[in-house]
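Colleague: I'll drop the sequence and a predicted model, then ask my questions.
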Amino acid sequence: MRTYWNIEKSLNTIPEWQPNCWIQVTCPTDEDQRELVERLNIPDYFFSDISDTDERARYEYDDGWMLIILRIPYVKEIRSRTPYSTVPLGIIHKRDVTVTVCFYETNMMIDFISFHQKRGEGFTDFVDMTFRLFLSSAVWYLKRLKQINILIEKAKHNLDNEVNNENLIGLSRLQDSLTYFITSIRGNETLLQKLKFKLQIDELDADLIEDVNIEMTQARETTNIYSNILESTMDTYSSIINNNMNTVMRTLTSVSIIMMSATFVASVYGMNVFNGLERSPWGFPIALVVSFGVSVLCWVIMRHKRIL
C-alpha cells in the first residue's frame with residue numbers, strides 16, 4: 001500500500017507523487033515495487049534487502065540513491081515463539097525523492113504519522129525526517145519494554161503460586177525477545193553514529209540527535225536490566241525445580257531403604273534353612289515384628305539425621 005504525504009508544513013495526504021513529498025509504502029505488493037522501480041528508478045535490490053527480516057541496521061549508496069535500514073519493534077501473536085521482535089524499516093532517498101518501505105504493518109509508523117498530524121508539524125527535510133524516525137523507534141522500544149516487564153511480573157506471580165512448564169516457557173520467549181531488542185538497539189546506535197558524519201546536519205538536527213541518543217541509551221540500558229532480571233529469575237526457578245527434584249528423590253530413596261530393610265529380614269526368615277522358628281507357631285509373628293522393628297529403627301535414624 002502506497003501513501004503520498006506532503007511534509008512541508010504539516011502531514012497531509014496527496015493523490016500522487018510530487019517532488020519533495022514522502023512516499024510511505026507498507027506491506028508492498030509486487031505492483032507497488034514495480035511502480036517505484038520503473039517510475040523513480042529505485043534499485044530493485046533495495047526491496048529485497050528491506051524484506052529480509054534478518055537484515056542488520058546499516059546504510060549504503062548506489063548511483064546517487066541512499067538506503068538506510070533501521071530496526072524497529074514489532075509485535076507478533078503473544079503466544080508465538082518470540083512475541084516481541086524487530087523488523088527492518090527502509091528509508092530510500094535521492095534528491096527530491098524520499099520513500100519509506102516496511103514489509104510489516106507496525107504500530108510505530110501509525111503512531112509516527114498520528115503524532116505529527118496532531119502537532120501540525122511536517123519535516124524540514126529528509127535528514128530531519130530520518131532522525132525523527134530514529135527517535136520514534138527508540139520511544140517505541142521503551143513502550144514495548146514496559147509491556148514485556150508487565151508480562152515478566154505476571155509470570156513471576158504465577159510461578160510463586162505454582163512452578164509449571166507453561167510459565168517457564170513464557171519467560172524463555174520473553175528472553176528471546178529481549179535478545180532481539182538489545183541486538184537491534186545496538187545496531188541502530190552504531191548506525192546513528194555513522195549517519196551523524198555522513199548527513200548534512202544543522203543546529204536543530206544536532207539537538208534532535210542528542211534526544212535520539214538519550215532515548216536509545218535509555219532503551220539499551222532498560223533492555224539490559226530486564227534481561228538480567230529475567231535471567232536471574234529463570235535461574236532461581238531452575239534452582240527451585242532442581243531442589244524439589246532432589247527432595248523427591250531423597251524421599252523415595254529413604255522409603256526404598258526402609259522397605260528394603262524389612263524385605264531383607266523377611267527374606268532371611270523365608271530361606272529354606274534351619275533357623276529355629278520353622279516349626280514354631282510364633283515364627284511368622286516374630287518375623288513380622290522384627291521386620292517392622294528394623295523399619296522403625298531405620299526411620300528413626302533417618303529422622304535424626306534429617307534425611308526425612
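Modeller: Looks like it came in fine.

Colleague: And the protein, what are its domain boundaries?
Modeller: Structural domains annotated on the chain: 2-243, 245-304, as defined by automatic domain parsing.

Colleague: what ranges do the strands span in this protein?
Modeller: 2-6, 12-14, 22-26, 58-62, 65-75, 84-94, 97-102 (DSSP state E).

Colleague: I'd like to know which of the ones you listed lies nearest to Ile301.
Modeller: Among those, the nearest to Ile301 by CB to CB is strand 84-94 (54.6 Å). Quick note: C-beta positions are derived from backbone N, CA and C, even for glycine.

Colleague: Okay, now the sheet partners of that closest one, with direction.
Modeller: Strands flanking strand 84-94 in the sheet, each with its direction: strand 65-75 (antiparallel), strand 97-102 (antiparallel) (DSSP bridges).

Colleague: Run through the stretch 1-150 of the chain and note the low-pLDDT ranges.
Modeller: Counting by pLDDT under 70, the stretch 1-150 of the chain shows low-confidence ranges at 77-80.

Colleague: which stretches of the stretch 201-308 of the chain form helices?
Modeller: 203-269, 283-304 (DSSP state H, counting those that start in this stretch).

Colleague: Pro43: which of the ones you listed is closest?
Modeller: Counting by CB to CB, and looking across all of the helices of the stretch 201-308 of the chain, nearest comes helix 203-269 at 26.4 Å.

Colleague: Let me see the contact set for the residue nearest the centre of the chain.
Modeller: Central residue check for the chain by CA atoms, centre = their mean: the C-alpha nearest the mean position is that of Ser177, 1.0 Å away. When contacts are counted by CB atoms under 8 Å, 6 or more residues apart in numbering, Ser177 touches Thr82, Pro83, Tyr84, Ser85, Ile148.

Colleague: Look up the closest residue to the last one, ignoring the ones flanking it.
Modeller: Which is Ile148. Nearest residue to Ile148, sequence neighbours excluded (CB to CB, 6 or more residues apart in numbering): Leu174, at 5.7 Å.

Colleague: distance between stretch 228-246 and the chain's centre?
Modeller: Stretch 228-246 sits 19 Å away from the centroid of its parent chain (CA atoms, centre = their mean, to the nearest Å).

Colleague: outside of it, which residues touch it?
Modeller: Ile152, Lys156, Leu159, Val163, Leu168, Leu171, Ser172, Leu174, Gln175, Leu178.

Colleague: Turn these into CSV, including neighbour count, distance to Thr251 and pLDDT.
Modeller: Listed next are the contacts of stretch 228-246 as CSV, based on neighbours: other CB atoms under 10 Å; distance: CB to CB, whole Å; pLDDT from 0 to 100:
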residue, neighbour count, distance to Thr251, pLDDT
Ile152, 19, 33, 86
Lys156, 16, 28, 80
Leu159, 20, 23, 75
Val163, 14, 18, 71
Leu168, 17, 23, 79
Leu171, 18, 28, 84
Ser172, 12, 29, 85
Leu174, 22, 34, 88
Gln175, 18, 33, 89
Leu178, 25, 38, 92
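
Colleague: Quick check: the two most widely separated of those residues?
Modeller: Farthest pair in those (CB to CB) is Val163 and Leu178. Separation: 21.5 Å.

Colleague: in stretch 246-257, what counts as buried?
Modeller: With burial defined by 16 or more other CB atoms under 10 Å, the residues of stretch 246-257 counted as buried are Ser254.

Colleague: Report the distance from that stretch to the chain centre.
Modeller: On the basis of CA atoms, centre = their mean, stretch 246-257 sits 39 Å off its chain's mean C-alpha point.

Colleague: For Val25, grab the count of nearby residues.
Modeller: Number of residues near Val25 (other CB atoms under 10 Å) recorded here: 22.

Colleague: Just give me the neighbour total for the closest residue to it other than its chain neighbours.
Modeller: With sequence-adjacent residues excluded and distances taken as CB to CB, 6+ apart, Val25 is closest to Val101, at 4.6 Å. For Val101, the tally of surrounding residues (other CB under 10 Å) stands at 27.

Colleague: how far away is Val101 from Ala57?
Modeller: Val101 sits 15 Å away from Ala57 when distances are taken as CB to CB, to the nearest Å.

Colleague: Quick one: the strands of the chain as TSV, columns for distance to Ile50 too.
Modeller: Written out in TSV, the entries for the strands of the chain read as follows (distance: least, CB to CB, whole Å):
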stretch	distance to Ile50
strand 2-6	15
strand 12-14	23
strand 22-26	9
strand 58-62	11
strand 65-75	7
strand 84-94	4
strand 97-102	5
